[in-house]
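> From the sequence below, what's the structure:
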Amino acid sequence: MTMTKRIALSSDHAAIELRQAIAKHITELGYEAVDIGPTTPESTHYPKHGQAAAELVASGDCDLGIILCGTGQGIMMAANKVKGIRCGVCSDSFSARMIRQHNDANMLSIGARVVGEGLALDIVDAYLSAEFEGGRHATRVDMIEAE
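The predicted model follows:
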């Protein structure tokens, strides 16, 4: 029996609607969406949301993570502070595929004020369908992970 991959999702207030659309989309694809919020539009701080999702991935509770803020940059920076996280911000499908194939990224960040819903779902599809290629890329990922 194959276990369903669990995907951690979080955002700040700027990306709630897009995060919820992504959660629905990945659920329809057969993934388990672990949406940790927020759920209300009051201003909130993206670092705590990036860190919370990253901790779910780093602990192994979730297999991958998708996080969002206005640009995707700040929340990505917060996630990357968690040991074992490799998160890239992507505004196109090619980059989303490459961060999985070449960097073994375990988290994806998207800017809700940068891309629309249709492109965001394409980015998510590219990210989730790609697999790490290993080989020479594994050496480079090891270098990223070295202290």
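> Just the C-alphas of the lowest-mean-pLDDT helix or strand in the chain, formatted as CSV.
Across the helices and strands of the chain, mean confidence by mean pLDDT, DSSP states H and E is lowest for helix 136-145: a mean of 82. C-alpha atoms of helix 136-145 as CSV (Å, rounded to 0.1, in the frame of the first residue of the first chain):
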residue,chain,number,x,y,z
ARG,A,136,26.3,15.1,-9.7
HIS,A,137,23.4,17.0,-8.2
ALA,A,138,23.6,14.9,-5.0
THR,A,139,27.2,16.1,-4.5
ARG,A,140,26.0,19.7,-4.7
VAL,A,141,23.0,19.1,-2.4
ASP,A,142,25.5,17.6,0.1
MET,A,143,27.5,20.8,-0.2
ILE,A,144,24.4,22.9,0.6
GLU,A,145,23.6,20.7,3.6
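> From the chain's centroid, how far away is that helix?
The gap between the average C-alpha position of helix 136-145 and the chain average comes to 20 Å, counting by CA atoms, centre = their mean, to the nearest Å.
> Next: stretch 33-46.
15 Å.
> what's the span of it, first residue to last?
19 Å (CA to CA, to the nearest Å).
> Going along the chain, name the strands of the protein.
Applying DSSP state E to the chain gives strands spanning 6-11, 32-35, 64-69, 87-89, 107-111.
> Quick check: end-to-end length of stretch 55-63?
Stretch 55-63: ends 11 Å apart by CA to CA.
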